[in-house]
Every structure is written in structure tokens, then in C-alpha cells.
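Peer 1: Sharing a model that was predicted from the sequence below.
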Amino acid sequence: MNEIVIAPSILSLDYSNVSAQLEELKASKAKWLHFDVMDGHFVPNLTFGPDILKGFKKACPLFMDVHLMVEDPKTYAPIFIQNGADLVTFHTEALDNDLSRIQGLLDEIHNLGAKGGIVVKPNTAIEPFESVLKSCDLVLVMSVEPGFGGQKFMADMLKKVEWLKEKRQELNLSYRIEIDGGINQDTYKSALDAGCDTLVAGSYVFKNDITKTIEGMLA
Ligand SMILES: O=C(CO)[C@@H](O)[C@H](O)COP(=O)(O)O
């Protein structure tokens, strides 16, 4: 069983007070940071480029979990790896759900020395990707439509988590199962019970006491 990891999503940081929050994160029980890259095309929002990742990694050297919400992950995955990504996830939909392109990008990420995994939007089934699971260090299930923090958790997505947990055992694999969107005091337990071992939490962490909120989910 994988250790439970909380990955605070920097999308919800208070950008008028970044240094103090990064110091608090460094001292907290969070071992990862979740870094949401949005290109304004794949999702209707625009966020951070590779220089920002480089700065965050320098200021707060936690494990950088980079979630690419971009139309062209093949171009951007290597760039974010060069700038500090420890793990890169990309959307299957951005590669037209094409298994050979997905496998190719997972291989490329590994060849560049990073960990890699796939992400599916709420309306994308997970079962068609069984053949690439062996090459995933992590599978990310979106429990909101990607693009914005602060949305309502879609409990139906836990069926994907349960399927991933069963497949991991059946195929004797060890990928992590991450969930992203709407994780808070009312939802994190059901995500853990379904089989998630990696919880992304944005507004819940940054709109509350950072240290205590992270500890609460790990208790
Ligand atoms: O990828 C995304 C949104 O697309 C997330 O990482 C959000 O940042 C999660 O925010 P909360 O739902 O936890 O507020």
C-alpha cells in the first residue's frame, strides 16, 4: 500500500503572500506540491509557465507534481521536466485518447528521468487505458471539470478510483491513485476509502490553516 500523500494545489495560493505560505508548506506534512499548468485552450484558464515552476522548486524543494492541462503535452512535458518537475501528468484527451501516443509520451517522460502518469476528465472513461497502466507511476482522476479551483466534488468519480485499485492488484502494479477537485473536510475520507493515496487539495488547504488542514487529512 502506498503512503498517503497530500499535494496542496498552488492554484489556490494567496499570491499577495507567496513566501510566507511556501515557508509554511515546507514546515508542514505536505511532501508534494501540485502545480497546475493551464494554457487557456485545453481549459478556459491560464496559469503558470516553466520559469514559475523553477522559482517554486528553488523556494520550496518539495516533490513537484506537475499537472499539464495543455493542448500540446508532448512539447511541454520535457520543458517542465527541465525546470523542476518530478512527476508529469498529462490528459489522455489532449492526445485524442490514442493509446500509442499516450504510451509514447509516458516513455519519453521516463527517458527524461521523471515520473509520469495520465489524467482523465470527468467524462472520460478510465477502462480504455488499461494497457498503459503498467507505464504509469500515478493515475490522476479529475473529480471536477479541470480549469478552476473551488468546485464541487463529483462523488461518481470514485468508481474510477475503485476500478484503478482493483486493476492495480490484478495486474500486480504499484501506481499511485490521485484525485483532484473538491477535496475538503466532507470528501477526503470517501476518496481515501475508495482507494486514493494522493489527495490534491487547493482551496481547502489555502483558505484554512495550512498546517492543521494538511495534518487533519493525514490523521
Ligand atoms: O486541477 C485543478 C483544477 O483544474 C485543481 O488542482 C484545483 O486547483 C483543485 O482545487 P480545489 O477543488 O481543491 O479547490
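Peer 2: Received it, and whenever you're ready, just let me know what you need.
Peer 1: List, one by one, the residues from this structure near the ligand.
Peer 2: Taking Cβ under 6 Å from any ligand atom as the criterion, the neighbours of the ligand within the chain are 9, 11-12, 34, 36, 67, 144, 146-151, 180-183, 200-204. Just so you know, the C-beta spots here come from the backbone N, C-alpha and C atoms, and that holds for glycine as well.
Peer 1: Now, the residues you listed that are in strands?
Peer 2: In strands, defined here by DSSP state E, the members of the residues of the chain next to the ligand are His34, Asp36, His67, Asp180, Val200, Ala201.
Peer 1: pretty sure the second one is touching Asp65, no?
Peer 2: No - Asp36 sits out of contact with Asp65 when judged by Cβ atoms under 8 Å, with a separation of 9.7 Å.
Peer 1: Can you pick out the residue with more neighbours from those two?
Peer 2: Residue environment comparison for Asp36 versus Asp65 gives the larger neighbour count to Asp65, 29 against 24, counting by other Cβ atoms under 10 Å.
Peer 1: In contact with the more buried one: list those residues for me.
Peer 2: Remark: with contacts taken as Cβ atoms under 8 Å, 6 or more residues apart in numbering, Asp65 is in contact with Ala7, Trp32, Leu33, His34, Phe35, Asp86, Leu87, Thr89, Leu138, Glu178, Thr198, Val200.
Peer 1: Assign it to helix, strand or coil.
Peer 2: In three-state terms, and counting by DSSP: H, G, I helix; E, B strand; the rest coil, Asp65 is strand.
Peer 1: Quick check, Lys152 in contact with Asp186.
Peer 2: No - using Cβ under 8 Å, Lys152 makes no contact with Asp186, being 10.2 Å away.
Peer 1: returning to what we had before: can you tell me which two in the ones in strands among the residues of the chain next to the ligand are farthest apart?
Peer 2: Using Cβ to Cβ, the two most remote members of those are His67 and Ala201, lying 13.3 Å apart.
Peer 1: All the helices of the chain, residue numbers only.
Peer 2: Counting by DSSP state H, one finds helices in the chain at the ranges 18-27, 50-59, 73-82, 99-111, 158-170, 188-194, 203-206, 210-218.
Peer 1: So which of the ones you listed is the most surrounded?
Peer 2: Mean neighbour count (mean count of other Cβ atoms under 10 Å) peaks for helix 203-206 among the helices of the chain, with a mean of 24.
Peer 1: what residues does that helix touch?
Peer 2: Residues from elsewhere that reach helix 203-206, judged by Cβ under 8 Å, 6+ apart: 6, 8-9, 12-14, 21, 30, 149-150, 183-185, 213-214.
Peer 1: neighbours around Ser135, how many?
Peer 2: Neighbouring residues of Ser135 were enumerated by other Cβ under 10 Å; the total is 18.
Peer 1: Sorry, slip of the keys, the one I care about is Leu11.
Peer 2: Counted with other Cβ under 10 Å, residues neighbouring Leu11 total 21.
Peer 1: Likewise for the one 3 residues further on?
Peer 2: As a burial measure, the neighbour count of Asp14 was computed by other Cβ under 10 Å and equals 10.
Peer 1: isn't it right next to Glu24, touching?
Peer 2: No - counting by Cβ under 8 Å, Asp14 sits too far from Glu24 to count as a contact (11.1 Å).
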